[in-house]
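1. Structure for this input, please:
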Amino acid sequence: MLTSLFHEARLWPTLWRRRLAWYWRVDAKDHLPVVAMIGVPVLAIAGIVYFACTQETHVVPAPIQTVQRETRRAQRRAGDLQCLAENIYFEARGEPTAGQYAVAEVTLNRTRAPHFPHTICAVVHESRWDPTRHRAVADFSWTELGDISPGDGPAWKRAMTVASAAYDDEPDPIVPGALFYHSTNVRPAWAKTKEPIATIGHHVFYR
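-> Got it, this is the predicted structure:
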């Protein structure tokens, strides 16, 4: 019994191959025009659906990515301008316009210098260890005063105007390459190792 079933199972693939070959020679060729009439529209519809799907995948996200990129750029610019304007305000709000631009230049020059942070806010709030005081000392002393606000008066608006122009590279450099400055009423030890560039208002600027 098992031998007979095994033999029959081996014959089935051969019989089906012969039937398919016979169908192709006799019947399938006669029905080929009908198959073509049905198959061509189906293929056309499938092609349209595929094209629509691929277009939706590749085209639609592009504007979304552009909007996200522009939003991030605007947020970064707003943060940079806030930090830059605060530094101008607290360091030089009583200085002439040229002096305020010079402070802005020093701040921006530091972001491109190798031994300083590379963002405006990080430069403004940087501190260094002072071995004589045994504590970290801010490069710009006003940042040690805690959470203070410049308000919204004319001096702040002027500082923001200067910050915006300096950030967008509108004015010509006033103290090109300057990385340091100090008030004219002090003489820090580090000044002896730097090259003075200009004195503007109550500040001396150095490379």
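
2. can you count the residues close to Glu126?
-> Counted with other Cβ atoms under 10 Å, residues neighbouring Glu126 total 15. C-beta: built from backbone N, CA, C; applies to glycine.

3. I meant to write Ile64 there.
-> 9.

4. helices or strands next to whichever strand or helix holds it in the packing?
-> Per DSSP states H and E: Ile64 is located in helix 61-92. Under the contact criterion of 3 or more Cβ pairs under 8 Å, 6 or more residues apart in numbering; DSSP states H and E, the helices and strands touching helix 61-92 comprise helix 97-111, helix 120-124, helix 154-167.

5. Dump those into JSON lines; add distance to Asp80, mean neighbour count and mean pLDDT as well.
-> As requested, the helices and strands packed on helix 61-92 are exported to JSON lines (distance: least, Cβ to Cβ, whole Å; neighbours: other Cβ atoms under 10 Å; pLDDT from 0 to 100):
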{"stretch": "helix 97-111", "distance to Asp80": "9", "mean neighbour count": "23", "mean pLDDT": "98"}
{"stretch": "helix 120-124", "distance to Asp80": "4", "mean neighbour count": "20", "mean pLDDT": "98"}
{"stretch": "helix 154-167", "distance to Asp80": "6", "mean neighbour count": "18", "mean pLDDT": "98"}
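
6. which stretch among those helices comes nearest Trp190?
-> For those, distance to Trp190 was read as Cβ to Cβ. The smallest value, 14.1 Å, belongs to helix 97-111.

7. For that closest one, which outside residues touch it?
-> Residues outside helix 97-111 that contact it (Cβ atoms under 8 Å, 6 or more residues apart in numbering) are 84, 87-88, 91-93, 95, 116-120, 123-124, 158-159, 162-163, 165-167, 171, 173-181, 198, 200-203, 205.

8. Separate out the buried members of those.
-> Listed as buried from the contacts of helix 97-111 are 84, 87-88, 91-93, 95, 116, 120, 123-124, 158-159, 162-163, 166-167, 174-175, 178-181, 198, 200-201, 203, 205; burial here means 16 or more other Cβ atoms under 10 Å.

9. and the spatially closest residue to Ala113 that is not a sequence neighbour, what does it touch?
-> Excluding the flanking residues, the one nearest Ala113 by Cβ to Cβ, 6 or more residues apart in numbering is Leu179, at 5.8 Å. Counting by Cβ under 8 Å, 6+ apart, Leu179 touches 106, 109-110, 113, 116, 206-207.

10. Repeat that for Thr161.
-> Going by Cβ under 8 Å, 6+ apart, the list of residues near Thr161 is empty.

11. quick one: average pLDDT of the helix holding Ile64?
-> Helix 61-92 carries an average pLDDT of 92.
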